[in-house]
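Trainee: Sequence first, then the predicted structure:
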Amino acid sequence: MAPDAIARLSLGKRASRLADQVEQATKAELAELGLTYAEFDVLAALRRAGGPLRPSELTRSVLLTSGGTSNVLQRLVAAGYVEREADQGDARGRWVRLTDTGAAVTDQGMAASARAYEDVLAGIPAGAIAAAADALREIVAVTDRRRRR
């Protein structure tokens, strides 16, 4: 096998392994808040948006199925973290927005996520992390452009 092929395989395997390590650490941190990874993902998407979103926008943003998004939203409504409201311009449409309690738990989830990253990446020099992030940014920019074609 050619060296460049081995490097490509190695890149994919290492990126996947690191992503899995961070995801597992994040899930453990979020569990202490009573949140699943998917619930936090939806809350974080709403927080980033800065205002209400339609369920379909959430589905696209967090890469869930519409049924998955609906299930997560039901749990978040029951917990008091989000509210659904009618779209005044479209009788069939709905908006989803964070409650004050939801915004607070999202902030706690963000801190938990940051702790997970810190734990996984502890002891790695900041320069190595920055270099890897820069290299991956460049690679993902190319692969994203190819996927949009």
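Mentor: That came through, no problem.
Trainee: Only C-alpha atoms from now on, for both contacts and neighbour counts.
Mentor: Will do.
Trainee: Which stretches in the protein count as strands?
Mentor: Using DSSP state E, the strands of the chain run over residues 82-87, 90-98.
Trainee: So for the lengthiest helix in the chain, mean pLDDT?
Mentor: Longest helix in the chain by number of residues (criterion: DSSP state H): helix 3-31. The pLDDT scores in helix 3-31 average 94.
Trainee: Counting by contacts, list what it packs against.
Mentor: helix 37-49, helix 100-121 (3 or more Cα pairs under 8 Å, 6 or more residues apart in numbering; DSSP states H and E).
Trainee: can you rerun that using 6 Å?
Mentor: helix 100-121 (3 or more Cα pairs under 6 Å, 6 or more residues apart in numbering; DSSP states H and E).
Trainee: what is the rounded mean pLDDT of the helix it packs on?
Mentor: 97.
Trainee: I'd like the distance between the residue at minimal distance from the centre of the chain and residue 63.
Mentor: Nearest to the geometric centre of the chain sits residue 41, at 4.4 Å (Cα atoms, centre = their mean). Going from residue 41 to residue 63 by Cα to Cα, to the nearest Å gives 10 Å.
Trainee: What of residue 84?
Mentor: Residue 84 is 20 Å from residue 63, by Cα to Cα.
Trainee: With residue 38 instead?
Mentor: On the measure of Cα to Cα, residue 38 and residue 63 end up 10 Å apart.
Trainee: Go ahead and produce PDB holding the CA coordinates of stretch 9-16.
Mentor: Extracted in PDB, the C-alpha atoms of stretch 9-16 (Å, rounded to 0.1, in the frame of the first residue of the first chain):
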ATOM      1  CA  LEU A   9      -6.400   5.700   6.500                       C
ATOM      2  CA  SER A  10      -4.500   6.800   9.600                       C
ATOM      3  CA  LEU A  11      -6.100  10.300   9.500                       C
ATOM      4  CA  GLY A  12      -9.600   8.900   9.300                       C
ATOM      5  CA  LYS A  13      -9.000   6.300  12.000                       C
ATOM      6  CA  ARG A  14      -7.300   8.800  14.400                       C
ATOM      7  CA  ALA A  15     -10.000  11.500  13.800                       C
ATOM      8  CA  SER A  16     -12.700   9.000  14.400                       C
END
